[in-house]
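Asks: this is a predicted model, with the sequence first.
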Amino acid sequence: MIYTVTLNPSIDYIVEVEDLKLGSLNRMTRDLKLPGGKGINVSRVLNTLEVPNTATGFLGGFTGRYIEQWLGEENISSDFVTVNDDTRINIKLKAGEETEINGTGPVIRDTEAEALVLKLEALQAGDILVLSGSVPPSLGAAFYSRLIDICKRKEAEFVIDTTGQALKDALALEPLLVKPNHHELAELFGVRINTRDEIITYGRRLMELGARYVLVSMAGEGALFISDQGVYYANAPKGKVKNSVGAGDSMIAGFVGTLSMTGDVLEAFRTGVASGSATAFSDDLAEIALIGQLRTQIEIEQI
Ligand SMILES: Nc1ncnc2c1ncn2[C@@H]1O[C@H](COP(=O)(O)OP(=O)(O)OP(=O)(O)O)[C@@H](O)[C@H]1O
Ligand SMILES: O=P(O)(O)OC[C@@]1(O)O[C@H](CO)[C@@H](O)[C@@H]1O
């Protein structure tokens with residue numbers, strides 16, 4: 001079974017404004033409230049791909065209830081810890097460019113944190129835990145390490161999509177997959193990356209540090225897949241970008257879901273790229289018809 005963990009979910013409030021004027025009253029031309037948070041996005045795309053999974057993490061208040069109801073309506077299995085404070089609302093402002101304003105997240109009390117730890121004690125050998133997104137400050141940066149410890153003890157696998165020290169700490173614990181974009185990769189090693197060869201050099205470094213599979217996404221420039229079997233490049237399909245929020249999460253869902261169902265890493269890579277692009281070309285997350293259509297446009301070449 002695949003479990004996704006979203007420690008800091010959100011309602012993504014997507015707001016479109018024609019010509020943003022700071023310091024004035026602006027009227028929205030369109031707005032949309034979507035359930036968000038990286039692990040929740042992964043669960044929604046896994047569900048679209050008909051890959052069994054359960055979403056967990058923390059949800060609270062009216063915003064938390066909105067997300068829970070939405071997931072219920074999509075028949076997504078969920079098992080969140082209910083927290084006292086409201087789940088955050090993240091603003092995704094579209095005014096020509098995309099600007100994001102993310103909340104820090106609610107306070108998570110010790111008893112609430114322990115309730116999640118207890119839920120994850122149910123993990124079994126062979127399960128995959130997808131840990132995605134920011135950690136609410138009240139939990140402390142080391143919280144992911146606690147969850148990974150449970151994984152290791154239960155002989156489950158884990159995927160981690162986070163940044164900075166939390167990602168560095170996780171690498172030594174041998175994640176199944178990490179998926180930085182090329183900017184995050186450069187930031188992680190404190191370098192500038194200008195060429196594909198440099199991306200490969202630092203991507204390989206992630207493997208040497210402990211990751212089994214590394215995906216480096218490059219938005220419209222496609223993606224690289226690095227494992228001990230070699231390095232592969234996939235082009236990104238062409239299309240009109242509507243909303244790239246969640247493209248990276250969709251890529252993780254496509255990769256992990258296909259890998260768990262087929263064991264074929266290159267098919268997993270192809271579905272990952274198609275799922276990421278299908279989300280970039282949609283208002284909400286990827287739908288199955290578009291994922292299928294885009295899969296046929298992806299060429300994978302070994303480098
Ligand atoms: N402009 C685009 N055109 C085509 N495909 C795209 C585009 N942007 C994203 N994608 C697809 O989504 C995948 C992941 O995108 P990206 O590299 O932006 O990840 P990310 O930065 O983690 O995304 P985000 O943080 O927006 O969820 C890419 O590898 C590609 O397949
Ligand atoms: O603040 P975090 O946890 O780093 O990221 C949260 C977030 O930006 O990530 C998702 C897209 O990947 C959105 O649904 C959500 O708003």
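Replies: Arrived safely, thanks for sending. Ligands and ions are numbered 1, 2, ... in the order given.
Asks: up against ligand 1, what does the stretch 51-200 of the chain have?
Replies: Residues of the stretch 51-200 of the chain that fall close to ligand 1, judged by Cβ under 6 Å from any ligand atom: residue 181. All C-beta spots, glycine's among them, are computed from the backbone N, C-alpha and C.
Asks: taking the stretch 51-200 of the chain, what residue is nearest to ligand 1?
Replies: residue 181 (3.7 Å; Cβ to the nearest ligand atom).
Asks: what about that residue, neighbour count?
Replies: By other Cβ atoms under 10 Å, 17 other residues sit near residue 181.
Asks: all strands of the stretch 101-250 of the chain, in order?
Replies: Listed in chain order, the strands of the stretch 101-250 of the chain (DSSP state E, counting those that start in this stretch) span residues 128-132, 157-161, 177-178, 213-217, 223-227, 230-234.
Asks: can I get the ones you listed in CSV including mean neighbour count?
Replies: Conversion of the strands of the stretch 101-250 of the chain to CSV gives the following (neighbours: other Cβ atoms under 10 Å):
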stretch, mean neighbour count
strand 128-132, 25
strand 157-161, 24
strand 177-178, 26
strand 213-217, 25
strand 223-227, 24
strand 230-234, 18
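Asks: let's have those strands in CSV, adding mean pLDDT.
Replies: Putting the strands of the stretch 101-250 of the chain into CSV (pLDDT from 0 to 100) gives the following:
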stretch, mean pLDDT
strand 128-132, 97
strand 157-161, 97
strand 177-178, 98
strand 213-217, 98
strand 223-227, 98
strand 230-234, 98
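Asks: picking up where we left off before, what sits against the closest residue to the residue of the stretch 51-200 of the chain closest to ligand 1 other than its chain neighbours?
Replies: Spatially, and ignoring its direct neighbours in sequence, residue 181 is nearest to residue 217 (4.7 Å; Cβ to Cβ, 6 or more residues apart in numbering). Residue 217 sits next to 179-182, 223, 247-248, 251, 276 when contact means Cβ atoms under 8 Å, 6 or more residues apart in numbering.
Asks: how near is residue 217 to residue 62?
Replies: Between residue 217 and residue 62 the distance is 34 Å, computed by Cβ to Cβ, to the nearest Å.
Asks: what about the helices in this structure?
Replies: Ranges of helices in the chain, per DSSP state H, are 38-48, 61-73, 110-120, 143-154, 164-171, 182-189, 196-208, 247-262, 265-280, 288-295.
Asks: rank those by pLDDT, which is bottom?
Replies: Here the lowest mean pLDDT among the helices of the chain goes to helix 164-171, at a mean of 89.
Asks: show the model's pLDDT score for the residue of the stretch 51-200 of the chain closest to ligand 1.
Replies: 95.
Asks: surely it meets residue 218?
Replies: Yes: if you go by Cβ atoms under 8 Å, residue 181 and residue 218 touch, sitting 6.7 Å apart.
Asks: so which bits of the stretch 101-250 of the chain are right by ligand 2?
Replies: That would be 102, 133-134, 245-246, 248-249, which are the residues of the stretch 101-250 of the chain within reach of ligand 2 (Cβ under 6 Å from any ligand atom).
Asks: tell me which of the helices of the chain lies nearest to residue 240.
Replies: helix 265-280 (9.1 Å; Cβ to Cβ).
Asks: how about the closest one, does it get close to ligand 1?
Replies: Yes: Helix 265-280 lies within reach of ligand 1 by Cβ under 6 Å from any ligand atom, at 273, 276-277, 280.
Asks: now the residues you listed in JSON lines, with distance to residue 290?
Replies: Converted to JSON lines, the residues of helix 265-280 next to ligand 1 look like this (distance: Cβ to Cβ, whole Å):
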{"residue": "273", "distance to residue 290": "13"}
{"residue": "276", "distance to residue 290": "11"}
{"residue": "277", "distance to residue 290": "8"}
{"residue": "280", "distance to residue 290": "10"}
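Asks: what pairs with the closest residue in space to residue 103 that isn't next to it in sequence across the strands?
Replies: For residue 103, ignoring the flanking residues on the chain, the nearest one in space by Cβ to Cβ, 6+ apart is residue 88 at 3.2 Å. Legend: beta-bridge partners of residue 88 under DSSP bridges are residue 10.
Asks: tell me the contacts of residue 88?
Replies: If a contact means Cβ under 8 Å, 6+ apart, then residue 88 has 8-11, 63, 102-106 as its contacts.
Asks: 10 Å - rerun?
Replies: 8-12, 36-37, 60-61, 63-64, 102-106, 134, 136 (Cβ atoms under 10 Å, 6 or more residues apart in numbering).
Asks: list buried residues within those residues.
Replies: With burial judged by 16 or more other Cβ atoms under 10 Å, the buried subset of these is 8-12, 36-37, 60, 63-64, 102-103, 105-106, 134, 136.
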